[in-house]
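# Here you go, sequence then predicted model.
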Amino acid sequence: MCHSGLEAPIVLVHGVLGFDRVRVGGREWIRYFPGIEEKLREAGNKVRTAKVHPTHTVATRAAQLVDFLDREFPKQPVHLIGHSMGGLDARYAISRLTPRGRVLTLTTVGTPHQGSPFADWLRKYFGRGLERIARYLGIPMGALDDLTTTAGKRWNEIAPDISGVTYLSIAGVCETNQLPLAWRIPAQVVTPIEGRNDGIVSLTSAQHGELWEVWQADHMNLVNRKNTWAKFPTDRTGDYLRWVQKLKSLGY
């Protein structure tokens, strides 16, 4: 096999309500980034998916990400690819919790760098109810506030970009009639306020860094979840391989 991968490991970071993989009865049932780890490994890359708390604050999740890096890749520089809230976790970790040189590049994928109006909508109309349920179940709900547009206005102050790290981003756009049903209500909230989006994160909110691309994809298709409503190709593994080659062309 031709090894043309990156020298440093790649760490994938999941979004809110996410996971690395789910096992049922000792068998793997689903991965957050299905097929992506395997394809990147086949191309000669070292790849792992970090597991952080699904609903906690960015600060807590970022600390858990750093613990993962220190455990799995001690003293090794890494490339981070963070989906959705995972991109904010990575930004916070780089800016406030890791020494310079620990992270070489950060690619955020469908990350709401300016927050999402849908989080505002949830907070306004369902916030109290969600808090009651969360308290009853003992589930932290800090993620919701950290994904609002109010929080988004503060991210550049809270977690500014650090020199020596290459920041890149991937945004998704998808027409409403091609979105999975779960994303259609969020899209109806986001579109009048911020325009084109992936069903929950707008194009403008997802753009961040020195280089960026726009993929025709819904929010979860960005991490290779299938979209049966789509009239476009939904296998993203080739896009990730191409993206990693782009990092390699930058000297990594």
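All right, it came through fine. Numbering: from 1, shown residues only.
# alpha carbons only for contacts and neighbour counts from here, please
Noted.
# Can you read off the pLDDT for residue 137?
If you check residue 137, the pLDDT there is 84.
# again, but for residue 30
Residue 30 is assigned a predicted lDDT (pLDDT) of 82.
# isn't there a helix covering it?
No: assigned with DSSP: H, G, I helix; E, B strand; the rest coil, residue 30 falls outside any helix and is strand.
# Show me what it is bridged to.
On the basis of DSSP bridges, residue 30 takes part in beta bridges with residue 22.
# and the helix or strand where residue 104 lies, what's its mean pLDDT?
For residue 104, the host element (DSSP states H and E) is strand 103-109. The average pLDDT within strand 103-109 is 98.
# Check which helices and strands the following helix or strand past that strand sits against.
Scanning forward in sequence from strand 103-109 by DSSP H and E, the next helix or strand is helix 117-137. Identification of packing neighbours for helix 117-137 by 3 or more CA pairs under 8 Å, 6 or more residues apart in numbering; DSSP states H and E yields helix 142-146, helix 149-152, helix 181-194.
# in the strand holding residue 104, what counts as buried?
103-109 (16 or more other CA atoms under 10 Å).
# Pull the contacting residues for residue 61.
52-53, 89 (CA atoms under 8 Å, 6 or more residues apart in numbering).
# Throw together a ChimeraX command that grabs the buried residues out of those.
Applied in ChimeraX, the following selects the buried portion of those according to 16+ other CA under 10 Å:
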select :52,53,89
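# now the contacts of residue 61 as TSV including distance to residue 232, secondary structure and pLDDT?
Output for the contacts of residue 61, formatted as TSV (distance: CA to CA, whole Å; DSSP: H, G, I helix; E, B strand; the rest coil; pLDDT from 0 to 100):
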residue	distance to residue 232	secondary structure	pLDDT
52	31	coil	96
53	33	coil	95
89	30	helix	98
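# export the buried residues of strand 103-109 to CSV and tack on distance to residue 84?
Putting these into CSV (distance: CA to CA, whole Å) gives the following:
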residue, distance to residue 84
103, 18
104, 20
105, 16
106, 13
107, 11
108, 7
109, 6
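# I'd like to know how far residue 212 sits from residue 109.
For residue 212, the distance to residue 109 equals 10 Å [CA to CA, to the nearest Å].
# I meant to write residue 9 there.
Relative to residue 109, residue 9 is positioned 18 Å away (CA to CA).
# Cool, thanks, talk later.
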